[in-house]
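**Student:** quick check, what structure comes out for this input:
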Amino acid sequence: MNISDPVYLSVVVPSFKSAGILEKNLPVLLSYLKKQDYTWEVIVVDDGSDDHGATEAVCSKMGCVFSQNKRNMGKGAAVRNGMKKASGRFRIFTDADIPYDLDTIGVILKFLDFKEFDIVMGDRNLQDSAYFLKIPKLRKITSWFFTCFVGTIVTTNYFDTQCGIKGFKAEIADFIFQRARIDEFAFDVEIIYISLKRRFEIKRIPVRLRNQEKSTVRVLRHGMVMFIDLFRMKINNMRGYYK
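**Tutor:** Sure, this is the predicted structure:
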């Protein structure tokens, strides 16, 4: 690691009405980062929450960079906002509840820096993953169908597109997020779709669940939007937006 870099690692955390979740979980992330021998920044992007400045206040108290979408646009738009503000040599995004063991960050950096992969993403289906989560039956069925459809038709055997931690080299992040257009939850699929089109080197790693807050996913509404967005990706690709 070249710790003389102005910023070695940027961590982007999208947030929507999550001030309480951030206040509880950001200290865990910050405690881990403060023990490392590299420079870092944490960028929290509020996706248009009407919380009277609560999220900004949490970020200010904890020394994180704060950014905000003027209106609620979706998780993809929040991550894109944060990635465009990031200055780190390597860039990771994860969820506001910091769901996975912090050691995952070190594993991601190892593969990005020393192994020279372009992208490293968590995969909850890998053998060494520990991901125990009770979810409603309808969501489980819908998630299974979406995963099979995406992995077979769109992302060519990359089935766990929605795992909430992914890392990038800076130049790869710049390329992807300057071209990405999907604002809501299917943005993860778009990231992989662009990466496969450009033949970027992708490494999948197992993840271990650290914490799980209540999901903001609404199965019927978000499920329908995600399927529509999959077809939008195909159209975007035909129009040359991902070149």
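
**Student:** low pLDDT regions in the protein?
**Tutor:** 1-5, 132-156, 214-223 (pLDDT under 70).

**Student:** mind doing that once more with 50?
**Tutor:** Where the chain drops to pLDDT under 50, the residues are 1-2, 219.

**Student:** and the gap between the residue nearest to the spatial centre of it and G53?
**Tutor:** A centroid search over the chain (Cα atoms, centre = their mean) returns F93, at 4.0 Å, as the residue closest to the centre. Using Cβ to Cβ, to the nearest Å, one gets 23 Å for the distance from F93 to G53. For every residue, glycine as well, the C-beta is placed using N, CA and C.

**Student:** kindly report the same for L22.
**Tutor:** On the measure of Cβ to Cβ, L22 and G53 end up 13 Å apart.

**Student:** what's the answer for K169, then?
**Tutor:** Note on K169: its distance to G53, by Cβ to Cβ, is 34 Å.

**Student:** neighbour count: those two, which is higher?
**Tutor:** K169 (21 against 13; other Cβ atoms under 10 Å).

**Student:** quick check: that one vs K34, distance?
**Tutor:** Distance from K169 to K34, counting by Cβ to Cβ: 24 Å.

**Student:** ranges for the strands of this protein?
**Tutor:** According to DSSP state E, the chain carries its strands in the segments 9-15, 40-47, 65-69, 90-94, 119-122, 165-169, 202-205.

**Student:** can you put these in CSV and add distance to T104?
**Tutor:** Below are those laid out as CSV (distance: least, Cβ to Cβ, whole Å):
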stretch, distance to T104
strand 9-15, 11
strand 40-47, 15
strand 65-69, 21
strand 90-94, 8
strand 119-122, 7
strand 165-169, 6
strand 202-205, 7
